[in-house]
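K.L.:
mind looking at a prediction? Sequence and model below.
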Amino acid sequence: MGVWGTKIEDNDTFADVYGYFYELYNSGSDPFYASTIVEKEYSHEFKDQDNYTNAWFALAFAQWETKSLDAAVFDKVSTIISNGDDLRRWKQDGCADSVLLEREQCLTGFLELISKPRRTKKRRKKIKNDFKLNTLLELEAPDNKKVFTVTEEFDGDRYIHTSAMMMWGSGGGSVFYYTKQSATVNARWLDDDKLEVILEKNIEFTKQDHTAFFCGDQISITYIYE
């Protein structure tokens, strides 16, 4: 682990995890998906005794900046700081008392910062390659109040993931994600609040919801594999 200073962001692990989150986020991924992929791709860092504190700090900061701070991630960071795990590792490395004090102050300030919601979401940075969507499926419900869509998302020519959304006129959200390009997917409404999604076998989801909800309208989602 390369350490540059006592600030939260002053190490290689933080830079790697934080940077990868924003690589995904700036490519168009929503924060939930970016977090899921980061934890998967950097799982070794989140488990490593030397690096895990900085990995969690990076993920928490990125989520806080994008107004998507997960309660479980916040609790993890809070526990790391309150039980002294991070400072204990610095002591084991033989750091001077003055350095430990600086690090402790940085940790306290960081926890105070993310304890309060950020006022505005950090904007995505423009990237050279355009974010593109390839619509695979668009299916309106029988009540004409919501639409289920499935799209493949690309960063230029690079495939990112396949994303499903349930959208009402004024809101909605993601239903599932997977990372198998050109996989066969279909769906049918059984009635106004029951959707059946038909997929090919061996799909590995990074997110898979069985319900969708907006303003009192709850949808039940069943998955069938053929």
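P.N.:
Cool, the structure landed.

K.L.:
ok, which stretches of the protein are helices?
P.N.:
Here the chain has its helices, by DSSP state H, at 12-26, 31-41, 43-47, 52-65, 71-82, 85-92, 97-114.

K.L.:
CSV for these, including distance to residue 150 and mean neighbour count?
P.N.:
Any C-beta I mention is one placed from the backbone N, CA and C, and that applies to glycine too. CSV is the format used below for the helices of the chain (distance: least, C-beta to C-beta, whole Å; neighbours: other C-beta atoms under 10 Å):
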stretch, distance to residue 150, mean neighbour count
helix 12-26, 19, 19
helix 31-41, 15, 19
helix 43-47, 27, 15
helix 52-65, 26, 24
helix 71-82, 28, 15
helix 85-92, 42, 16
helix 97-114, 34, 15
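
K.L.:
and the ones you listed: which comes nearest residue 199?
P.N.:
helix 31-41 (18.1 Å; C-beta to C-beta).

K.L.:
contact partners of that closest one?
P.N.:
17, 20-22, 24-25, 29, 46, 59, 62-63, 66-68, 70, 73, 161, 163, 174, 177, 206-207 (C-beta atoms under 8 Å, 6 or more residues apart in numbering).

K.L.:
quick one: that helix to helix 71-82, angle?
P.N.:
60 degrees (axes from the mean of the first three to the mean of the last three C-alpha atoms, to 10 degrees).

K.L.:
angle of helix 31-41 against helix 52-65?
P.N.:
Using the same axes, to 10 degrees: helix 31-41 against helix 52-65 is 170 degrees.

K.L.:
average model confidence for helix 31-41?
P.N.:
The average pLDDT within helix 31-41 is 91.

K.L.:
indicate which one of the helices of the chain is closest to residue 151.
P.N.:
That would be helix 31-41 among those, by C-beta to C-beta, at 12.8 Å.

K.L.:
quick revisit: any chance of the helices of the chain in TSV, with distance to residue 167 too?
P.N.:
Below are those laid out as TSV (distance: least, C-beta to C-beta, whole Å):
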stretch	distance to residue 167
helix 12-26	21
helix 31-41	16
helix 43-47	32
helix 52-65	23
helix 71-82	25
helix 85-92	42
helix 97-114	30
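
K.L.:
which one of those helices lies nearest to residue 220?
P.N.:
helix 31-41 (21.1 Å).

K.L.:
can you name the residues that contact residue 87?
P.N.:
Residue 87 touches 100, 103, 104, 107, counting by C-beta under 8 Å, 6+ apart.
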